[in-house]
Each structure stands twice: as structure tokens, then as C-alpha cells.
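Q: after the sequence you'll find the predicted model.
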Amino acid sequence: MTEREVTMRWRKPIGDFMRDETPEIDLEGALSSGKTTACCWKEFNSYQEMPGIHGWIGRYGDGETQTKVRPAFEQVCQEAGCIPRWNAKELAYEFPNGSKAFSYGLKSPDALSRYSKMRGMGVARIYNDQTEELPEDFSLELRLRLRQPGFPHQLIFSPNPPNVTHWLAKQFPSNNSIPNRRYYAVSIHDNAHNLPAALLQAALQSFPPDHAKHRSSILGLRGMNVTGEPVYKGAFVRALHEVKLAYDPRLPLEMGLDFGKHHPCAIFRQVSPLGQVRYLGGILGQSLYLDDFLDLVLRYRAQWFPDPIALKECCDPAGASNPIGVDMGQTLRSKGIRAVYQQDSNSPAMRVAAVERIAAQMRRRAADRQESFAINSDPERWLTISESATTLDLFLADGFEAGYVWDEHMVSVGNKQVRKPKADGWYEHGQVCTQYLELNFGSAPPKPRVQRQSRMPMVTGEHGWMG
């Protein structure tokens, strides 16, 4: 494909991807974003431009490789007018210039020889489609297969956007902080010029902004690859509730802590004198130990919210009350954190009760006619922090909007079936912090301090009325 054809067919960011020679690339895209077609064209161009180069294209499973990847690659070859010969014995496409593209699935039917389909393969290019299905250890093995001498080496992954906890998010951080690795995110809008208008409209109708999969399926972004009905659907309206908020040191500052299995979380809020519940900021840890995480929380708390008139702290009862043999309370106390908790905060009944109270706040207005529920729109106040990176991430608002969903399974409470939010391992942590805050401190406006006047002394005797 010529430079002009690339420019006409591919717009940014795929146009940049087509020319990118970075050794390792992760191209993540929404539905119908054109990422598979773009990858196939990039591979075809490489085989044409570098005679004798060898590569591999495919998916983790062999069936999907045969029915999805190979037809897409053959369609590109046909459009380009250069159809290679299929060598069934070697499972490879052979081009007239001596280039060769192997194509088969990597998954071995024998668990004892897990990497048998990769062993012995020495190529200069690797393109793995639907990489979210690939186990992380295979990604490490694939890198060792890039060993054909005399050619530049390149590894291309092309997944649907995974969750932020997926190994791809760690190997290819969104800020591109790791040398020789490059991450791209492609939305359906980036490929709209190649799509029928009816298809684009159908996709937008299927995954509207309040749908749990809008972020991944339409915008091509990581983080909200969940299935289910949003817990606060119909209550949380981002355009109304996400606003610029300022910290007021004259009001008590409340902090909710969730220990999390791998992702500890802290959320900060204040309640205004007129009854507005204001979520000011939060920090979500990514595979951090609690001790290290708390040091970060205290540092940011002092920086963001200095010298509050009062400080109120609450936490997850699991661990703090020592039901699992791990005394998290001792860790908190060593940091000067005196957190309270309700013993039954994690019970299904209490969790649903907290959700109902928060949803009611979203539907009310405070005494000054502002929305009773508000969340800070400043991205600088919402962070996800790992050992290697600090990222701006509106995780709490994303969870309120669509990421925090109802579990498909119900739970029995008092012989009645009750809905429960899904434990997704990511959005749940910020959400349960808001529930701990609500269950422990409520949302009533703080009572004003009344200066009590001393009573007049009772006068007795000849001058007193009680004489």
C-alpha cells in the first residue's frame, strides 16, 4: 500500500500505527475500529517490502486462527493483488519474493508440552490477534521467537481493550513509559469513514454512554470491560453530578478505606452545611501492599486537604475486626489512622441499603438547590498508583456511570432474593468506600456549633425574688 493509500484509508491513530517501527506494539480497539484489517495490511506490507522475511500471524486458539485471522489476511492479499501460496505441510503462506507467514494457533492440546507449537519457530515478525485471550506466559515466550537474523524484529498485539488489571496493561502502560513499547487506543469513531452509517448508528444504539461496555466497545479504552446493568443507572447523570469542587477546611474531612485483595482504595468526601455530599478525590492502588499504599494516601491527603477542622476515618471491617487472622487495624494505627467501622458493612442487606441511600442522594437537591450529590471533575484528584506509574483515572465517576454493575446472581436474605453488586476486582473498591462512608457517617449536614451561654446565678436573700 502506498503512502497516499495509507493516508486515505487510515486516519490517526491507526495511520501512525501503520508507520510505527517500535519493536513492540499493542493496538487496542473498539468494535469495528478496523484494527484487525490494519494489522493484516501492516504484515502484508512488511512481507512485500522485505523479501525473505519470516513471520507468524494468528490467535491463541487454532480454530479462531483458521476462521478469523486467515480469511482476514487473505482478503488483504486479494485486495493488494498478490495472493501467496498456502503450504499446508508447513502451515505457512509463501510469497513469490521468498517471504513466509506462518499461521496456526498457539494453544497446545497437551498440557505437558505447553509451548510445543512455538518451540523451534524463529521469525522476525509476530502478529497476535485477540491478545486478551493469550496467557501472559505465552507473551514472554513469543518474544524469544523473534530471532531471524538480517531483518528488523517487531511484535504486534491486537486485543479488544482489556481491564486495567490485565497483563497487557502492565506490559503496555497507557502513558507509554516503557522504552521500545507502544500502546494505541482506537475508537469506532476513528474508523467511521470506512463504516456504513447504519452500522455506526447501530453500534452507538447498542452501547450508549450509560452502558457498561460503552468505554471498551465504542471508545476503545481500557477499564470498563464489564457485563451487566449499572447499579446507579437512571440515578447518576455525569453531566449533572460531575462538577468542579473545592476543598473547604472549615468542614470535617471524611476518608473511607477499602483494603482490597490487590487494589486498596481511599476515597475522600465532605458534606456541606446545606446537605451536599461532595466526593473530592480518591486513590486506587494497583497491586500495592497496604503499608506502602497508606504512606501514599497520607502524603496526598496532606497535600490535597491540609488542616481540616476535623478528620473522620472509616474502613472495611474485614481485616480491621480480625475475622481472617490478619489485623489490618494494627497497620492503620501504626500510621496514626483511627478508623471506625460497622461490623456488618459488607453484608448484602447493608450494601444494598447503602446503594439505595446513595442513589437517593443522586436524585435530590440540597437546600441551596444544587445537586445533593457531587463528584469532583478535576482529574488531578483521582489517581491509580502502581509500583511503576501514577495515572490520572476518574475511576469513581466511571464506576458510578457504568462500571459498577449488578451481579447476575442474587443472594438470599431472610428468605428473600436480593440483588448484589458485582465484585469485579476494580470498580468495586471505590464504590464500597462510598458505602462505608455512608454507613458510618451518614449524609446529614454537619450541625453548627452553638455557643452555650452560662446561666445567670440564682439570687437569693433579701434582694432575690425567691427571697
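A: Structure received. Not measured: the values here are computed from a predicted model.
Q: so which residues of the stretch 201-350 of the chain form strands?
A: 242-243, 253-258, 265-271, 277-285, 311-315 (DSSP state E, counting those that start in this stretch).
Q: how about these in JSON lines, adding mean pLDDT?
A: Formatted as JSON lines, these follow (pLDDT from 0 to 100):
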{"stretch": "strand 242-243", "mean pLDDT": "94"}
{"stretch": "strand 253-258", "mean pLDDT": "97"}
{"stretch": "strand 265-271", "mean pLDDT": "97"}
{"stretch": "strand 277-285", "mean pLDDT": "97"}
{"stretch": "strand 311-315", "mean pLDDT": "96"}
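Q: could you dump these into JSON lines and include mean neighbour count and distance to Gly442?
A: Any C-beta I mention is one placed from the backbone N, CA and C, and that applies to glycine too. JSON lines is the format used below for the strands of the stretch 201-350 of the chain (neighbours: other CB atoms under 10 Å; distance: least, CB to CB, whole Å):
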{"stretch": "strand 242-243", "mean neighbour count": "17", "distance to Gly442": "22"}
{"stretch": "strand 253-258", "mean neighbour count": "26", "distance to Gly442": "10"}
{"stretch": "strand 265-271", "mean neighbour count": "25", "distance to Gly442": "8"}
{"stretch": "strand 277-285", "mean neighbour count": "26", "distance to Gly442": "10"}
{"stretch": "strand 311-315", "mean neighbour count": "20", "distance to Gly442": "11"}
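Q: among those strands, which comes closest to Ser158?
A: Among the strands of the stretch 201-350 of the chain, the nearest to Ser158 by CB to CB is strand 277-285 (27.4 Å).
Q: can you say which of the strands of the stretch 201-350 of the chain is nearest to Arg365?
A: Comparing the strands of the stretch 201-350 of the chain against Arg365 with CB to CB, the closest turns out to be strand 277-285 (11.9 Å).
Q: the closest one: partners in the sheet, and parallel or antiparallel?
A: strand 265-271 (antiparallel), strand 373-376 (parallel), strand 382-385 (parallel) (DSSP bridges).
Q: of all those, which one is nearest Leu332?
A: When the strands paired with strand 277-285 are ranked by proximity to Leu332 (CB to CB), strand 265-271 comes first, at 11.4 Å.
Q: what angle separates that closest one from strand 253-258?
A: Per axes from the mean of the first three to the mean of the last three CA atoms, to 10 degrees, the angle that strand 265-271 makes with strand 253-258 is 150 degrees.
Q: chain center to strand 265-271, what's the gap?
A: Strand 265-271 has its C-alpha centroid displaced from the chain centroid by 20 Å (CA atoms, centre = their mean, to the nearest Å).
Q: got the contact list for that strand?
A: Defining contact as CB atoms under 8 Å, 6 or more residues apart in numbering, one finds that strand 265-271 is touched by 247-248, 251-258, 277-285, 293, 297, 301, 304-305, 396, 429-430, 432-434, 437, 441, 443-446.
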